[in-house]
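Q: please work out how this folds:
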Amino acid sequence: MRSTGKRSNIRRLLGFTLFWVACGMVSSGVRPVRALDVFTLWRQPELPLRMEEGAWADYRTQVMAGGRREEGLTRIVCLGREHGSDDDTWLIELLPLTEQPDGSLVPVPGEGARLRLSRRLLDRQGHLLDAIVEVEKWSDGLPEKISRDQLREDPLVSASLDSEFIPDTTESRAPTTRVIAGTQFLCDQFVMSAVDTQTAELPAGRMIQVTTREITAAVNVEVPFLGLTYAAERVRSDSKLDPPSRKFSPPPPRVRVEVMELIEFGFQALPVLHDGD
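A: Okay, the predicted model is just below:
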C-alpha cells in the first residue's frame, strides 16, 4: 500500500513488540519483553522524561484483538553506575516477570535483555534507534550481544524502532487518581490521536485504508521513565473500495486495544541478568 498521510501505523502499536520478536526473545511459555512500551511517547513534551539510576517499574499489559486477549508482565530497570551506567549511557534491563501464588512478581530466570541507551535521549530528538548503543538479549541464561549496526540492518527492527508515535492532536483531560501499591497518585491525563491513510491500486479499483490510533495516558512526575501510571491505545483500521464493487468486498474493520498499567515502582534496583544464569 502507498501511504497518503503519515507513515503507516499498522505495525506501530503501543510499544515495539516486533522488535522483541525479531530479537528472538521468546522462550517456551514466556511472552516477549515489552518494556520499551514505556518509551513509546518519549518525544512528547507533555510527559516527564525521568531517567534515574536505580529506578525500576513493573507493568501489566493486556492486548485485545481479533477476539483474543493476551496478558504480560514486564519490569524495566535503570541500573546505577556501580552496575554499568556511566557518564554517557544508561544500562537498562528489560525483564519478563511471572506472578507467584502469593501475588509477588519475580523475573523469569535467565530471560530478558539489556539495552545501553545514550543520554542524548533527554534531548527528545531523532529516533529511539539513534539512542541505542547496543543490545544484549538473554535466553536460557545465555547472553548474545547485538550492535546498533546490526539493529539498523534488520528491516523489521529498524522499521519498528524508527517509527515512534507522533500524534496529530494532543488534548489535556481532567486529572485522575490512580492507586499504585496502595498509594494514591494524582495524575495528569492526555489523549493523543493520529490518522493515517493508505491506498493500493487493485484490478477491481483502488483500496483505501484509514487507520485511527488513539493513546490515553495518565502520568505523575514521581514515577520514573515517562511517569506512566496507565496507558491505553486503540487502533482501528477501516477499508473501502473506490469505486464500490459488487464482486469484491473490502476486509472488515480491525480493532486492537492495548492497555499498560503500573503495578509498582522504586529506586534501589539491582541487576538481575548475570553470566551463567
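
Q: which secondary structure element contains residue 130?
A: Taking DSSP states H and E as the criterion, residue 130 maps to helix 128-131.

Q: which other helices and strands does that helix contact?
A: Helix 128-131 sits against strand 112-118, helix 148-153, helix 155-161, with contacts defined as 3 or more Cβ pairs under 8 Å, 6 or more residues apart in numbering; DSSP states H and E. The way it works is simple: take the backbone N, C-alpha and C, and place the C-beta from them, glycine included.

Q: in the shortest one, which residues are buried?
A: Going by neighbour count (16 or more other Cβ atoms under 10 Å), the buried part of helix 148-153 is 148, 151.

Q: what mean pLDDT would you report for stretch 171-183?
A: Across stretch 171-183, pLDDT averages out at 96.

Q: next, the buried residues of that stretch.
A: 178, 180.

Q: pull it out as PDB, backbone CA atoms only.
A: Output in PDB follows, covering the C-alpha atoms of stretch 171-183 (Å, rounded to 0.1, in the frame of the first residue of the first chain):
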ATOM      1  CA  GLU A 171      -5.700  17.100  24.400                       C
ATOM      2  CA  SER A 172      -5.500  17.500  28.200                       C
ATOM      3  CA  ARG A 173      -8.200  15.900  30.200                       C
ATOM      4  CA  ALA A 174      -9.200  16.300  33.900                       C
ATOM      5  CA  PRO A 175      -6.700  14.900  36.400                       C
ATOM      6  CA  THR A 176      -7.400  11.400  37.700                       C
ATOM      7  CA  THR A 177      -6.400   9.400  40.700                       C
ATOM      8  CA  ARG A 178      -4.500   6.100  40.300                       C
ATOM      9  CA  VAL A 179      -3.700   3.700  43.200                       C
ATOM     10  CA  ILE A 180      -0.300   2.200  42.900                       C
ATOM     11  CA  ALA A 181       0.700  -0.400  45.500                       C
ATOM     12  CA  GLY A 182      -1.700   1.100  48.000                       C
ATOM     13  CA  THR A 183      -0.700   4.700  47.400                       C
END
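
Q: hmm, who's touching that stretch?
A: 46, 184-192, 216, 218, 220, 223, 229-230, 262-265 (Cβ atoms under 8 Å, 6 or more residues apart in numbering).

Q: same thing but 10 Å
A: 46, 57-58, 184-193, 216-220, 222-223, 229-230, 261-266 (Cβ atoms under 10 Å, 6 or more residues apart in numbering).

Q: what average pLDDT does the helix holding residue 130 get?
A: Mean predicted lDDT for helix 128-131 stands at 85.

Q: same thing with stretch 147-161?
A: 66.

Q: does residue 109 touch residue 141 like I think?
A: Yes - look at residue 109 against residue 141 with Cβ atoms under 10 Å: they come within range, at 7.0 Å.
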